[in-house]
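Undergrad: Here you go, sequence then predicted model.
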Amino acid sequence: MKQIPLLLLALLLSGGAGMQAQESRQKRWTLRECLDYALEHNIQVKKSKVNALSGEEDTRHAKAQLFPSLSASVSQNLVNYPSGNVETNNSYAGNYGVNANWTFFDGNRRANTVRQQALYDEVNALGVEQNQNDVQIALIQAYMQTLYAYESVRINENTVEVSLAQRNRTDELFKAGAVSKVDLAQMESQYSTDKYLLAASQTSLDNYKLQLKQLLELDIMEEIRLDIPVLTDKDVMTPLPPKEVIYAASLAVMPEVKSGEVSLRIAGLEIEKARAGYYPALSLSAGIGTGHVSGSYALANQAWDRLNGSIGLAVSIPLYANRDNRTAVNKAKYALTAGRLDLLDTQKALLRTVEGVYLNATSSQNEYLSAVERVKYVEESFKLTEEQFFLGMKNTLELLTERNNLLNARQQELQSKYMALMSIQLLQVYQKKPVDVNY
């Protein structure tokens, strides 16, 4: 069997790599793919997960404090005697010991610390969830804005085509003496304006794509193209439950509210920990040790003779602590009160957000219906005006006014359409419902 020449093999491999790179460049992102990718790769989400893991270590450490501690010690000492009246100028001694300590009562301070740490773990997990929600909200907004920008570019491209055709037609009429130089100049000016608006809309699209790309943490060399969905009036006019139903669902599931509720339980345990300062602490200690000294009888015999064991009970009774305990209790109570206010503030902020998004959704749906109807009539009016203009029955100003009315109507329809779609998807997030995968 003949070997493949190295050059041919290199060409095949480079061709395969080129196809893969082209495949990557041609990838088109759906909203679902953007959300899944961002939740896996977003740096803030990753950092919050690391923070949660660190908190779990604190919980394990708190639980370990409930058990006795055990330590061992070994010491060796060399002593020099400079006097000439001793039998030996150097001697050494060794001491060995094992000690255990256990605080078995401290007013439940350690037990409450364990409970607190478990609650902190809940808060950290909710922090991960909240970061994920923030990423979803930002992505939905950026994705819908990008879709809006795509369609805005398309509208402006069509407008430029129509404007060019009108300018060319007006130029023919001018050469035939049917219209004045002023009419032609106005058409030239409008064509230039439309080309500028197209360039501006393309710049806006590029900026929105950049925002989306940055949210996805994509490399600088990667391009992003969206899978443009086919959206119908049914998508825009999706029925919404009453806003009080959405708000009630948000209160029950949104992580910032649940985190505030857990924080109140943490604050309550902090009061119990502060009160533990009023109680005595009881601890047990035990130890075993031995030692030896050189220059005496056999080391093994010394180690046995010096072997000792000890056990002890210690009681620490707080009598006067310079108001430390009372201050700690009072400050813990104030922290609990502040936590209640923080929770109320979070609930109010959520209410304002949900109510605002709901208003955007319903008002945009109503505006969309009106805009669709307006576009239909303005298109008809523009066609009639254009026909009359080329027949000499309408002047240039009337034609351009109708054309701009049509452009504005289409932009209003587009804006209300994507504002409604974006608001509907955001309300899904605030209810912890899955985002529509068709976008």
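TA: Cool, got the structure.

Undergrad: which one is A93 nearest to, not counting chain neighbours?
TA: Distances taken as CB to CB, 6 or more residues apart in numbering put V293 closest to A93, at 4.5 Å, once the chain neighbours are dropped. In short, each C-beta sits where N, CA and C put it, glycine included.

Undergrad: Now do the contacts for that neighbour.
TA: V293 makes contact with S91, Y92, A93, Q302, according to CB atoms under 8 Å, 6 or more residues apart in numbering.

Undergrad: Which strands or helices does the strand or helix carrying the first one pack on?
TA: What it means is S91. Assigned by DSSP states H and E, S91 belongs to strand 90-105. Contact analysis of strand 90-105 by 3 or more CB pairs under 8 Å, 6 or more residues apart in numbering; DSSP states H and E lists strand 69-80, strand 281-293 as its packing neighbours.

Undergrad: need those strands in CSV with mean pLDDT, can you?
TA: Formatted as CSV, the helices and strands packed on strand 90-105 follow (pLDDT from 0 to 100):
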stretch, mean pLDDT
strand 69-80, 90
strand 281-293, 93
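
Undergrad: Please identify the most buried of these.
TA: Scoring the helices and strands packed on strand 90-105 by mean neighbour count under mean count of other CB atoms under 10 Å gives strand 281-293 as the most buried, with a mean of 16.

Undergrad: and the direction of it versus that of strand 69-80, what angle?
TA: In terms of direction (axes from the mean of the first three to the mean of the last three CA atoms, to 10 degrees), strand 281-293 departs from strand 69-80 by 30 degrees.

Undergrad: how far does strand 281-293 sit from the chain's center?
TA: Mean-position distance between strand 281-293 and its chain equals 53 Å (CA atoms, centre = their mean, to the nearest Å).

Undergrad: On the C-terminal side of it, identify the next helix or strand.
TA: Tracing the chain C-terminally past strand 281-293 and defining elements by DSSP H and E, one meets helix 299-305 next.

Undergrad: got the buried residues for that next one?
TA: The neighbour-count criterion (16 or more other CB atoms under 10 Å) identifies Q302 as the buried residues of helix 299-305.

Undergrad: Then stretch 266-281?
TA: Neighbour-count burial for stretch 266-281, with 16+ other CB under 10 Å as criterion, is recorded at 266-277, 279, 281.

Undergrad: Ok, stretch 251-259 next?
TA: By neighbour count, and taking 16+ other CB under 10 Å as the criterion, the buried residues in stretch 251-259 are L251, M254, P255, E256, V257, K258, S259.

Undergrad: try stretch 385-405
TA: Across stretch 385-405, burial judged by 16+ other CB under 10 Å covers T385, E386, F389, F390, K394, N395, T396, L399, L400, E402, R403, N405.

Undergrad: tell me the contacts of K27?
TA: By CB under 8 Å, 6+ apart, the contact set of K27 is R225.

Undergrad: ok, what's across the strand from Y96?
TA: V74, T290 (DSSP bridges).

Undergrad: Around it, how many other residues sit close by?
TA: For Y96, the count of nearby residues is 17 (other CB atoms under 10 Å).

Undergrad: Which pLDDT value belongs to it?
TA: Per-residue pLDDT puts Y96 at 93.

Undergrad: Pretty sure it sits against I288.
TA: No - look at Y96 against I288 with CB atoms under 8 Å: they stay out of range, at 9.1 Å.

Undergrad: where do the strands sit along this protein?
TA: Taking DSSP state E, the strands of the chain run over residues 28-29, 69-80, 90-105, 225-226, 281-293, 308-316.

Undergrad: Please convert the ones you listed to JSON lines, extending it with distance to D121.
TA: As requested, these are arranged in JSON lines below (distance: least, CB to CB, whole Å):
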{"stretch": "strand 28-29", "distance to D121": "34"}
{"stretch": "strand 69-80", "distance to D121": "24"}
{"stretch": "strand 90-105", "distance to D121": "24"}
{"stretch": "strand 225-226", "distance to D121": "38"}
{"stretch": "strand 281-293", "distance to D121": "27"}
{"stretch": "strand 308-316", "distance to D121": "31"}
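
Undergrad: Indicate which one of the ones you listed is closest to A125.
TA: The minimum distance between A125 and the strands of the chain falls on strand 28-29, with 28.7 Å, by CB to CB.

Undergrad: What pairs with the closest one, parallel or antiparallel?
TA: Note on strand 28-29: by DSSP bridges, its sheet partners are strand 225-226 (parallel).

Undergrad: ok, residues contacting the partner strand?
TA: The contact list for strand 225-226 (CB under 8 Å, 6+ apart) reads Q26, K27, R28, W29, T30, Y143, T146, L147, Y150.

Undergrad: List only buried entries from those.
TA: In terms of neighbour count (16+ other CB under 10 Å), the buried residues within the contacts of strand 225-226 are W29, T30, Y143, T146, L147, Y150.

Undergrad: which one among those gets closest to I317?
TA: Using CB to CB, the shortest approach to I317 within those belongs to Y143, at 64.9 Å.

Undergrad: Now do the spatially most central residue of the chain against K258, distance only.
TA: The centroid of the chain falls nearest to N131 when counting by CA atoms, centre = their mean (2.9 Å). As for N131, its distance to K258 is 14 Å (criterion: CB to CB, to the nearest Å).

Undergrad: go on, M187?
TA: Between M187 and K258 the computed distance is 62 Å (CB to CB).

Undergrad: Residue ranges in the stretch 151-300 of the chain under the pLDDT threshold?
TA: Low-confidence regions of the stretch 151-300 of the chain, defined by pLDDT under 70, span residues 296.

Undergrad: Mind doing that once more with 80?
TA: The model of the stretch 151-300 of the chain has pLDDT under 80 over residues 295-300.

Undergrad: looking at it, F67 is touching W102, isn't it?
TA: Yes - taking CB under 8 Å as the contact criterion, F67 and W102 are neighbours in contact, 7.4 Å apart.

Undergrad: Of those two, give the one with the bigger neighbour count.
TA: Ranked by neighbour count (other CB under 10 Å), F67 and W102 place W102 first, with 14 against 8.

Undergrad: For the more buried one, give the beta-bridge partners.
TA: Note on W102: beta-bridge partners by DSSP bridges are L284.

Undergrad: can you pull the contacts of it?
TA: Contact partners of W102, counting by CB under 8 Å, 6+ apart, are F67, P68, S69, S283, L284, S285.

Undergrad: cool, and T159?
TA: T159 makes contacts with D194, L197, L198, L407, as judged by CB under 8 Å, 6+ apart.

Undergrad: Among those, which ones are in helices?
TA: When the contacts of T159 are checked against helices using DSSP state H, the ones located there are D194, L197, L198, L407.

Undergrad: Which pair of these spans the longest distance?
TA: With distances taken as CB to CB, the most widely separated pair in these is L198 and L407, at 11.4 Å.

Undergrad: residues near L53, how many?
TA: Residues near L53, counting by other CB under 10 Å, number 11.
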